[in-house]
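Novice: Here is my input; please provide its structure:
(chains A, B, C and D)
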Number of protein chains: 4
Amino acid sequence: MDRKLLLVDVDCGVDDAQALMVALVAPHVEILGITCCHGNSTLENVCRNVLRVLKICNKLQIPVFRGASRPLLGKSLHASCYHGVDGLGDVPDSTAPDLDLLQKEHAVLAMMRIVNEYPGQVSLVATGPLTNLALAVNMDATFPQKIKNLFIMGGNMESRGNITVCGEFNFACDPEAAYVVLNSFDCPTHIATWEFTCRNDLPWDFYHDWISQKTEKAEFMRRITSHSVQYTKSCAEEKEAWAKGFVTCDSYAVAAAIDDKFVTDSISCAVGVELSGTLTRGMMVLDTLGMLERKHKVFVMTKCDTEKLKFLLMEALR
Amino acid sequence: MDRKLLLVDVDCGVDDAQALMVALVAPHVEILGITCCHGNSTLENVCRNVLRVLKICNKLQIPVFRGASRPLLGKSLHASCYHGVDGLGDVPDSTAPDLDLLQKEHAVLAMMRIVNEYPGQVSLVATGPLTNLALAVNMDATFPQKIKNLFIMGGNMESRGNITVCGEFNFACDPEAAYVVLNSFDCPTHIATWEFTCRNDLPWDFYHDWISQKTEKAEFMRRITSHSVQYTKSCAEEKEAWAKGFVTCDSYAVAAAIDDKFVTDSISCAVGVELSGTLTRGMMVLDTLGMLERKHKVFVMTKCDTEKLKFLLMEALR
Amino acid sequence: MDRKLLLVDVDCGVDDAQALMVALVAPHVEILGITCCHGNSTLENVCRNVLRVLKICNKLQIPVFRGASRPLLGKSLHASCYHGVDGLGDVPDSTAPDLDLLQKEHAVLAMMRIVNEYPGQVSLVATGPLTNLALAVNMDATFPQKIKNLFIMGGNMESRGNITVCGEFNFACDPEAAYVVLNSFDCPTHIATWEFTCRNDLPWDFYHDWISQKTEKAEFMRRITSHSVQYTKSCAEEKEAWAKGFVTCDSYAVAAAIDDKFVTDSISCAVGVELSGTLTRGMMVLDTLGMLERKHKVFVMTKCDTEKLKFLLMEALR
Amino acid sequence: MDRKLLLVDVDCGVDDAQALMVALVAPHVEILGITCCHGNSTLENVCRNVLRVLKICNKLQIPVFRGASRPLLGKSLHASCYHGVDGLGDVPDSTAPDLDLLQKEHAVLAMMRIVNEYPGQVSLVATGPLTNLALAVNMDATFPQKIKNLFIMGGNMESRGNITVCGEFNFACDPEAAYVVLNSFDCPTHIATWEFTCRNDLPWDFYHDWISQKTEKAEFMRRITSHSVQYTKSCAEEKEAWAKGFVTCDSYAVAAAIDDKFVTDSISCAVGVELSGTLTRGMMVLDTLGMLERKHKVFVMTKCDTEKLKFLLMEALR
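Specialist: Residues are numbered from 1 along each chain as shown, chains lettered A, B, ... in the order given. Coordinates of the predicted model:
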């Protein structure tokens, strides 16, 4: 397997933490930096959460950068009902690292610098709102040409939303950023949508085995997921279709980035983001009939090898 | 089986003709009137096509009414690539009945009168743009209370369009009318979406058996479907997902109206219609998570008994 | 002066009453009918208010028709802060005529019938939301060809709203209807916008002289305007620019309809109505540079003879 | 008069050149930097044009920075019909300075650095699309707090557009950037709208006197304005209201920035930018009635001392 160079952009909530932990233990993978974005929680909380994850994984040497504190147009949205107010389940953590450990360089400038240092070699994985990526291309229109490929967790494939009627959280948080990225990044692009991740959910039995490993990391995971698992189960009682199993959304994007064989089927088509709808603002749209006449097609994941995902997750907490 | 009183609103193209022919032979069904709407072709063509269908079925005694010649906002859309310019496959028909056979009464006024004559007893089946229905409720806000139930072919359930990226033809033709109907008709409402009809398509073998019956009606059907079948097969060659089988969209709405057991599964939820999106204008939206806080829920069909449909279609041409 | 045949469509609030009273006494003017529309108050109140005005003017022989009870898309807006809840200043009127006096015919059908009876001869004056007019053209696309000309009170010329930031009440009440009328009515069209009426306001001294005439009509006017005058003066205290004088908006449309010399200057251009804006939905737009490439131009009034208006108003209460 | 520290953000076309030349000779004014933005021409042309202006004024020591090459959402718009393809009237200039003279630092980073070096002391003058300013606040949410005040040429006050029906060029070029700036910059903000500049235009006689001064700068101005003056006069022949006189739009923003007494009247209100309208996208909206309930009010200039402007312009070419 080739060595992979990853730049990971996160709005570190619970599933970003899971995704990061998968990436951190993956062999042949080097994480060049972690850039932080507002989203599941405030930028400050996101930064702290990334440091907490790195600490538990003994990887505080990986540079962490503070990025956009709000969406391009300015109005923030958070996801505390699922992730907790602090983004990691609101469990006290007296040993959380200090924000002084963050790099001084702005996340967007760090992204620009790093892809210049490794031209054409960096896989960019984005598991939060796409604000930092949009700013990078707005600061340097050639940014997308310099990355190897892009893996996104976000958007829809069948108009099912999770934060608005048709809006998936990461896209609905900053629809303009999603629009910019999907219109400007002409590198190979792979998207794990909300519906894809729900459809490829994992059984609760797996979840329980996973967090029951006798490791410090598993104990950390048990604690930070407690709130969101409880929330999911309450939604399941109200028959919400997404809540039937354990869904670690962001991990699908990381799994796809680190293992070329993880995704077993996808739709290749141009996609768009609706900016002006009343019900559909932020929704991702698949141009399966080629009506938009766009050259650049992306891969919208439809099937994946969940056994591989289970393996990656188990390894992450070992 | 109860006797069913039907009022059918059509924009008579090929599949409307199929749907009408299913309804015309159904036992226990009385068609109180057929109202015409712009859509698959011009209003004039639609009216003529209905008369042609009635003539071949020996049912010219059923009153036919001329309705809206254009959508509420005024800009027409037609579907000649599929239905032919005249709406019925552009095959010459020297014996087409004269438009003098149409009733003088406006379709919208006829609808209002008929539901007043049979209060609470009429099943309204709409297989075209919803302009006439929207005008009826705009002329009389109590119109929806007077019908028994409503069956619509139109809209989306998973954001796949057929005339725009996300827009199904009937809804995209007159999004405002679809909006008005879905917001104002609080009677039991059953919707056969584009994706539903595609997913429950019939095999081409069935189609060939169907039109090979040695009847005048089958010969009529063979002639009027020739153009659209050819078009569908050319789309299949370009891998368009909808074009794998024979899809007689409007017949699903009629089948649901005449046989309570035709639909075997559906999603019950509030729905909306996007009016202002750039990519999504006219798209139907399912509020599966209850975010719109609307009381009125509709039935969005998901599964049906295609054997029943085959039977109904075979009977229609016998 | 030619004899003028008027059809007046109103959402009878205070200024509609003033406009009607101007029309009722105008020599050479015959009012063929008054059609009622939701708007300043509910349709029921509007109908009652028209009858009250006709009664005080001894003109109950003029037929009054009940029209649309709500905008095309269904969500009503009222203007009780200015007009009072009942639309005429909430002063008790124990002698108000009974709604039985209304015609049985629907307003939209009456409009269609009357213009057919007097083809090319009817001046249509619309002082409320344009719902009835939009329904008329939706029921019969040739309706606009049959009227002589159209006078509208509504819309903007410089983006100053009175009910939303950029929305004038009549247009904002039913933006789709305004859109339909301005796009479909290709007869000569004259528009008295909100900014035009404010800029040509009358001095308060005139108002006081006007209602101080010793007539039953003046006493009626004094009573029904008391609420709105008080409201206007409170807005003047808050420095709202429109509130400096006495503005009888709807009377400008009637004055223009009955006296060809009332309007002394206007902009001739195509106009549009914004349907999808967040801040600007319902705003009228002047295409002064010809960018929309539309053939039909309207007259957007800019200057008028306020002395004539004063005369007409004084006569109305004599 | 206080010493003024200016940071000028331009999309250097003809009137930006005029505005810069006004600022360059103003006593008590120090220009800390000139940042370039796409707009009237491409970013490359804009950068070159600024250098050409500085050269003719012997001010090449002022640092010039390359900024955004396109609007936030990515689709560029240019104004070559007025400014010429190169932005300065398409007159050959063999002595144009080389782009090597540009600073290496990105315009947005330069803006951020400079306001940090002079906290609370910098007047920011923006005469192009607001992309650079929007990026600055997106990179650092505290940026607006650090500037003294902001002077913008752009937007509308009465819905008259110059590039779309309702859209002024600078705002219509990047509506999202205008939205971000007007929503995020809570420093004292002064706006010279399109209608304001047209209404305060200068007589053509003045223009001819101005360019007839026997100086190198006047000769430069005569050459670069020749195209746009000719264009304006052709528009005047087609009765376009804006084209009656000489309008040097961007100079009004600079004049306001360097002379506190230049603006003699203004409307103080909150403003918004429409993002989603069909006819009105990019239009600036004045909330004169306080309906948006926003705290931050801006000054929308309505009157100015044109004699002062003439003086400043004459000085600029001396």
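Novice: any idea where the helices of chain A begin and end?
Specialist: A:14-25, A:43-56, A:80-83, A:107-117, A:131-139, A:143-146, A:169-173, A:175-184, A:194-199, A:204-211, A:216-237, A:249-258, A:306-317 (DSSP state H).
Novice: how about CSV for those helices, with distance to residue B:291, mean pLDDT and mean neighbour count added?
Specialist: Where you see a C-beta, it was placed from the backbone N, CA and C, and this is true even at glycine. Formatted as CSV, the helices of chain A follow (distance: least, CB to CB, whole Å; pLDDT from 0 to 100; neighbours: other CB atoms under 10 Å in any protein chain shown):
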stretch, distance to residue B:291, mean pLDDT, mean neighbour count
helix A:14-25, 21, 98, 26
helix A:43-56, 25, 98, 23
helix A:80-83, 13, 93, 20
helix A:107-117, 32, 98, 21
helix A:131-139, 24, 98, 28
helix A:143-146, 34, 98, 19
helix A:169-173, 12, 97, 28
helix A:175-184, 17, 98, 25
helix A:194-199, 14, 98, 22
helix A:204-211, 26, 98, 16
helix A:216-237, 13, 96, 17
helix A:249-258, 19, 98, 27
helix A:306-317, 29, 98, 18
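Novice: Let's have those in JSON lines, adding distance to residue B:225.
Specialist: Converted to JSON lines, the helices of chain A look like this (distance: least, CB to CB, whole Å):
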{"stretch": "helix A:14-25", "distance to residue B:225": "50"}
{"stretch": "helix A:43-56", "distance to residue B:225": "58"}
{"stretch": "helix A:80-83", "distance to residue B:225": "50"}
{"stretch": "helix A:107-117", "distance to residue B:225": "55"}
{"stretch": "helix A:131-139", "distance to residue B:225": "49"}
{"stretch": "helix A:143-146", "distance to residue B:225": "47"}
{"stretch": "helix A:169-173", "distance to residue B:225": "41"}
{"stretch": "helix A:175-184", "distance to residue B:225": "39"}
{"stretch": "helix A:194-199", "distance to residue B:225": "34"}
{"stretch": "helix A:204-211", "distance to residue B:225": "50"}
{"stretch": "helix A:216-237", "distance to residue B:225": "46"}
{"stretch": "helix A:249-258", "distance to residue B:225": "43"}
{"stretch": "helix A:306-317", "distance to residue B:225": "43"}
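Novice: out of those, nearest to residue D:75?
Specialist: Taking CB to CB, helix A:175-184 is the member of the helices of chain A nearest to residue D:75, at 8.7 Å.
Novice: Confirm for me that residue A:269 is in contact with residue A:295.
Specialist: No - Residue A:269 lies out of contact with residue A:295 (CB atoms under 8 Å); the separation is 11.7 Å.
Novice: Compare those two and say which is more crowded by neighbours.
Specialist: Higher neighbour count among residue A:269 and residue A:295: residue A:269, with 17 against 6, using other CB atoms under 10 Å in any protein chain shown.
Novice: how close does that one sit to residue A:290?
Specialist: Applying CB to CB, to the nearest Å, the value for residue A:269 to residue A:290 is 8 Å.
Novice: Identify whichever of the helices of chain A lies nearest to residue B:314.
Specialist: helix A:194-199 (36.4 Å).
Novice: List the contacts of that closest one.
Specialist: A:153-158, A:160-162, A:168-169, A:241-242, A:247-249, A:252, A:300-302, A:304 (CB atoms under 8 Å, 6 or more residues apart in numbering or on different chains).
Novice: now stretch A:253-266
Specialist: Residues contacting stretch A:253-266 (CB under 8 Å, 6+ apart): A:4, A:6, A:8, A:19-20, A:22-23, A:26, A:28-29, A:123, A:125-127, A:149, A:151-153, A:190, A:192, A:252, A:299-305, A:308-309, A:312.
Novice: Please indicate which of these are buried?
Specialist: Listed as buried from these are A:4, A:6, A:8, A:19-20, A:22-23, A:26, A:29, A:123, A:125-127, A:149, A:151-153, A:190, A:192, A:252, A:299-302, A:304, A:309, A:312; burial here means 16 or more other CB atoms under 10 Å in any protein chain shown.
Novice: Show me which residues of the stretch 201-318 of chain A are close to chain B?
Specialist: Proximity of the stretch 201-318 of chain A to chain B, by CB under 8 Å from any CB of the partner chain, involves residues A:240-241, A:272, A:274-281, A:283, A:285-289, A:291-292.
Novice: now these: which count as buried?
Specialist: For those, a burial check counting by 16+ other CB under 10 Å picks out A:240, A:272, A:274-281, A:283, A:285-289, A:291.
Novice: Give me the subset of the contacts of stretch A:253-266 that lies in strands.
Specialist: The strands, defined by DSSP state E, take in A:4, A:6, A:8, A:29, A:123, A:125-126, A:149, A:151-153, A:190, A:192, A:299-304 from the contacts of stretch A:253-266.
Novice: Return only those of those residues found close to chain D.
Specialist: Here nothing survives when the ones in strands among the contacts of stretch A:253-266 are matched to chain D using CB under 8 Å from any CB.
Novice: Spell out which parts of chain A neighbour chain C.
Specialist: Going by CB under 8 Å from any CB, the residues of chain A near chain C are residue A:276.
Novice: so what's the residue of chain A found nearest chain B scoring on pLDDT?
Specialist: Chain B sits closest to residue A:277 of chain A, with a gap of 3.3 Å, by CB to the nearest CB. For residue A:277, the pLDDT comes out at 92.
Novice: Burial check on the residue lying closest to residue A:158 once chain neighbours are set aside, number of neighbours?
Specialist: Nearest non-adjacent residue to residue A:158, counting by CB to CB, 6 or more residues apart in numbering or on different chains: residue B:158, 3.8 Å away. Residue B:158 is flanked by 19 other residues according to other CB under 10 Å.
Novice: so who does residue B:158 touch?
Specialist: A:158, A:159, B:195.
Novice: contacting residues for the second one?
Specialist: Taking CB under 8 Å, 6+ apart as the criterion, residue A:159 is in contact with A:166, A:280, A:283, B:156, B:157, B:158, B:159, B:166, B:283, B:285, B:286.
Novice: That one and residue A:81: what is the separation?
Specialist: From residue A:159 to residue A:81 the distance is 21 Å (CB to CB).
Novice: before we move on, what about the last one?
Specialist: Computed as CB to CB, the residue B:195 to residue A:81 distance reads 30 Å.
Novice: got it, and residue A:39?
Specialist: 14 Å.
Novice: Ok, residue A:241 next?
Specialist: From residue A:241 over to residue A:81 (counting by CB to CB), the distance is 17 Å.
Novice: Skipping adjacent residues, who's closest to the residue in the stretch 151-300 of chain A that chain C sits nearest to in space?
Specialist: Closest residue of the stretch 151-300 of chain A to chain C, CB to the nearest CB: residue A:276 (6.7 Å). Among residues not flanking residue A:276 along the chain, residue D:276 sits closest, at 3.9 Å (CB to CB, 6+ apart).
Novice: Wait, the one you found touches residue C:277, no?
Specialist: Yes - at 5.8 Å, residue D:276 and residue C:277 qualify as touching, with contact defined as CB under 8 Å.
Novice: Can you give the contact residues for stretch A:161-171?
Specialist: With CB under 8 Å, 6+ apart, stretch A:161-171 has contacts from A:11, A:39-40, A:77, A:79, A:127-130, A:152-156, A:159-160, A:172-173, A:175, A:178, A:193-194, A:242, A:273, A:277, A:279-284, B:159, B:272, B:280, B:285-287, B:289, B:291-292.
Novice: Could you tell me which of the residues you listed belong to strands?
Specialist: Per DSSP E, those map to strands at A:152, A:153, A:273, A:284, B:272, B:285, B:286, B:287.
Novice: who touches residue A:231 in this structure?
Specialist: Applying CB under 8 Å, 6+ apart, the residues near residue A:231 are A:81, A:82.
Novice: actually residue A:268, not the one I wrote
Specialist: Contacts for residue A:268 (CB under 8 Å, 6+ apart) come out as A:297, A:298, A:299, A:300.
Novice: and with 7 Å instead?
Specialist: A:297, A:299 (CB atoms under 7 Å, 6 or more residues apart in numbering or on different chains).
Novice: beta partners for it?
Specialist: Beta-bridge pairing for residue A:268 (DSSP bridges): residue A:299.
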